[in-house]
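J.: sequence? don't have it. structure:
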Ligand SMILES: C[S@@+](CC[C@H](N)C(=O)[O-])C[C@H]1O[C@@H](n2cnc3c(N)ncnc32)[C@H](O)[C@@H]1O
């Protein structure tokens, strides 16, 4: 056992302190706590410890709103005030950034605390989508660092509409005698979304294939009992290895509330002044308010380029575009925009969204970004603006391929600060200047953060 005083927070939600001058990372710690800890993972220059006893709690500590906090792997910061979380996240970003870019001083930096009052109301109940794991009879989230499921009946990060879906879906699935519990045995995951449209996706294990329609009555029960607009049932035709490989590919059966079962594309939700159809399985930003904030940051930057510098783009590219969440807002700033995305469902939705908004200057292409960049280079096509919004893994190895298309401006949206810094370093080495960085708190109460970085080509 060791005693430690926590100095600050580090990425991934750890508190940092020192034991005999070695840095120790401690989960669920708060700056200024004095703790008795047990070291469970020791390295040459650092170690990981877990709290055994809070000897003297920080004045900053608050009571977590959730009974599962510390067990469920979802939240990291329910024990500290939101203002402190934002301050610490900004510091974490600045420290990490300064380590990689020692000499870069001059760019506009907008941390989290700039418009705190505006964002404060949605630091709980903000998720419009949650993904649940199933291990019958448990329905919930993975425990921290494990594949065991914590049974969760209410998630404090989810919108009330999502929690309603959760409660009603659980009740029906756990009902004995009505077939619910039999279906539960076939389910490996459940995704719930409420964007205004309420959708439930059930991921089924492979062996249900021949019997998919045996469960029609219970899916209808779920539609009626949850008031969901749609249920999507995902499974792999032709078997497979149970991990999504080896079968003939993903199949989706859809059950809808509407009579003919196919008019959901006529429904849409609003994002700022635009209409978006949404269906599954397609990526969606989980925090609507902060997604709108991110879009406003991007459009304000482009507006400024147009108004102050008279810049209007000829040929813009939106890589990893999903269903056009950002792409559609680029419309006024470029003559032609190409959106690239590998998920065919998202592309189909994107095309719907173009019609819903009467947009004429966007082409969506279903392709992986790697192949697209290769072909564009071979075809000698240049893009003067490139927007990137990759998954957490970032665009390792692709930065030179993006730069090879000669964009004078690059907007990099990232949800992982480590891969972002790795990729930015290469952009900087290739002559791109970091003009502006905005931190966007897309995932309050967790260690995750979103960043928008604006780069321009020097020389
Ligand atoms: C972080 S999401 C961003 C989507 C969109 N920009 C938005 O704001 O909703 C990343 C997207 O990249 C897609 N994706 C992941 N890897 C890809 C790849 N190698 N090539 C093309 N698209 C990819 C995913 O399907 C997902 O839609």
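T.: Great, that's in hand. The structure presented is a predicted model; accordingly, all values stated were derived computationally and were not measured. Numbering: from 1, shown residues only.
J.: Checking residue 170 next. Helix, strand or coil?
T.: Classification of residue 170 using DSSP: H, G, I helix; E, B strand; the rest coil returns helix.
J.: which residues of the stretch 301-450 of the chain fall in helices?
T.: Listed in chain order, the helices of the stretch 301-450 of the chain (DSSP state H, counting those that start in this stretch) span 344-356, 369-378, 399-403, 417-429.
J.: Present the ones you listed as TSV; the columns should include mean pLDDT and distance to the ligand.
T.: Backbone N, C-alpha and C define where each C-beta goes, glycine included. Output for the helices of the stretch 301-450 of the chain, formatted as TSV (pLDDT from 0 to 100; distance: least, C-beta to the nearest ligand atom, whole Å):
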stretch	mean pLDDT	distance to the ligand
helix 344-356	94	5
helix 369-378	96	4
helix 399-403	97	12
helix 417-429	95	12
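J.: With residue 111 as the reference, name the closest of these.
T.: Smallest distance to residue 111 across these (C-beta to C-beta): 12.9 Å, for helix 417-429.
J.: quick one: contacts of that closest one?
T.: 11, 92-93, 96-97, 100-101, 104, 392-396, 399-400, 403, 410, 412, 414, 434, 449, 451, 453, 455 (C-beta atoms under 8 Å, 6 or more residues apart in numbering).
J.: what's the answer for stretch 354-366, then?
T.: Counting by C-beta under 8 Å, 6+ apart, 268, 274-277, 321, 324, 327-328, 330-331, 334-344, 347, 350-351, 353, 372 sit against stretch 354-366.
J.: Just the buried ones among those residues, please.
T.: 268, 274-277, 321, 324, 327-328, 330-331, 334, 337-341, 343, 347, 350-351, 353, 372 (16 or more other C-beta atoms under 10 Å).
J.: Take these and keep only those in strands.
T.: Using DSSP state E, the members of those that fall in strands are 274-276, 334, 337-341.
J.: ok, which residues in the protein are in contact with the ligand?
T.: 283, 285, 320-322, 325-326, 341-343, 346, 368-370, 389-391 (C-beta under 6 Å from any ligand atom).
J.: at 8 Å what do you get?
T.: Residues of the chain lying close to the ligand by C-beta under 8 Å from any ligand atom are 282-285, 291, 294, 318-327, 340-343, 346, 367-370, 372, 387, 389-391, 413, 415.
J.: Taking the contacts of helix 417-429, please make a PyMOL selection of just the buried ones.
T.: Here is the PyMOL command that selects only those of the contacts of helix 417-429 that count as buried (16+ other C-beta under 10 Å):
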select buried, resi 11+92+93+96+97+394+395+399+403+410+412+414+434+449+451+453+455
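J.: can you put the ones in strands among the buried ones among the contacts of stretch 354-366 in CSV and add distance to residue 217?
T.: Listed next are those as CSV, based on distance: C-beta to C-beta, whole Å:
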residue, distance to residue 217
274, 38
275, 34
276, 32
334, 51
337, 46
338, 45
339, 40
340, 42
341, 36
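J.: Can you lay out those residues as a markdown table showing pLDDT and distance to residue 131?
T.: A markdown table is the format used below for these (pLDDT from 0 to 100; distance: C-beta to C-beta, whole Å):
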| residue | pLDDT | distance to residue 131 |
| --- | --- | --- |
| 274 | 96 | 26 |
| 275 | 94 | 25 |
| 276 | 93 | 20 |
| 334 | 97 | 34 |
| 337 | 98 | 30 |
| 338 | 98 | 30 |
| 339 | 98 | 25 |
| 340 | 98 | 25 |
| 341 | 97 | 20 |
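J.: so which of those comes closest to residue 154?
T.: The shortest gap between residue 154 and any of those belongs to residue 276, at 27.5 Å (C-beta to C-beta).
J.: Could you give the bridge partners of the closest one?
T.: residue 269 (DSSP bridges).
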